[in-house]
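Peer 1: Sequence unavailable; structure follows:
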């Protein structure tokens, strides 16, 4: 039996006890060629203000991505998502993979501010790793999609980070973009103290001059329903902006990002669709 044939049953048997996405990082096959080119790069003084970078073979310059993982704003680690960053790097991008501060140590807007700081620092570091900071996009999954879209749409965050015109495109996978009222523990804990809840929502900042967006969602997602993607897509277009939405039948919340792995890539063309958008938007 091939290595891939052995891994898939192991993942299935352990999924009930462990995060399936973490298992992909530990046991799953990875795209060849791309590599982790840098580790523990600081964008602030806090221990969680660190990031890794993955690069394709060759000298570049390559377009640059900043990828934010999910975890309900209260969990997650870049150590669990190297496989996803490597999949993107293998398709011709320099990919920065940051950690960010989490609930309960911080609440909104600190994790959004960290996302903006990480993105600004990624632009500074990109040339060292063959990246082109003039062609930079942000993207993420779940709570990470929220971070990517907030810093792409609410211009105050990148302005505060000193790079107001940096982001050229943004993409979200299974992201929460319109989730008032705060009726589950994760949103109450992360956003419940916000003086103006409307200012926490990406849809609030839909605008004509936003960077082009790509929004993907699984039709079977019960963690974040696909209506969030459809609402934001419609709101951007109504404002005169550019947005593309893709709803994938049969995929749930974890499936959508799992399709980045060679193990599950045949389930849906999520990675191909996203990469095609990024290359169109960034050149």
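Peer 2: Cool, the structure landed. Everything numeric here is computed off the predicted structure, so don't read it as measured data. Numbering: from 1, shown residues only.

Peer 1: Give me the phi and psi for residue 64.
Peer 2: Residue 64 adopts backbone torsions of phi -110, psi 140, taken as degrees, to the nearest 10.

Peer 1: Residue 159 versus the nearest residue in space to residue 78 that is not next to it in sequence, what's the distance?
Peer 2: Counting by CB to CB, 6 or more residues apart in numbering, residue 97 is the residue found nearest to residue 78 once chain neighbours are left out, at 4.7 Å. (Each C-beta comes from the backbone N, C-alpha and C, glycine too.) Look at residue 97 and residue 159: by CB to CB, to the nearest Å, they are 24 Å apart.

Peer 1: got the contact list for the residue nearest to residue 78?
Peer 2: 51-54, 67, 69, 78, 81-82, 85 (CB atoms under 8 Å, 6 or more residues apart in numbering).

Peer 1: Looking at these, which one is closest to residue 112?
Peer 2: Distance ranking of the contacts of residue 97 against residue 112, using CB to CB, places residue 69 first at 14.8 Å.

Peer 1: In contact with the closest one, which residues are there?
Peer 2: So residue 69 contacts 76-78, 80-81, 84, 97, 140-142, 144 (CB under 8 Å, 6+ apart).

Peer 1: try 7 Å this time
Peer 2: By CB atoms under 7 Å, 6 or more residues apart in numbering, the residues touching residue 69 are 76, 78, 81, 140-141, 144.

Peer 1: Tell me where the stretch 51-200 of the chain has helices.
Peer 2: Applying DSSP state H, counting those that start in this stretch to the stretch 51-200 of the chain gives helices spanning 82-89, 110-125, 143-153, 155-160, 185-191.

Peer 1: For the fourth one, what is the distance to the chain centroid?
Peer 2: In this case it means helix 155-160. What separates the centre of helix 155-160 from the centre of its chain is 18 Å, taken as CA atoms, centre = their mean, to the nearest Å.

Peer 1: Report the beta-bridge partner residues of the residue nearest the centre of the chain.
Peer 2: In the chain, the residue lying closest to the centroid (CA atoms, centre = their mean) is residue 140, at 1.0 Å. Residue 140 has these beta-bridge partners by DSSP bridges: residue 68, residue 172.
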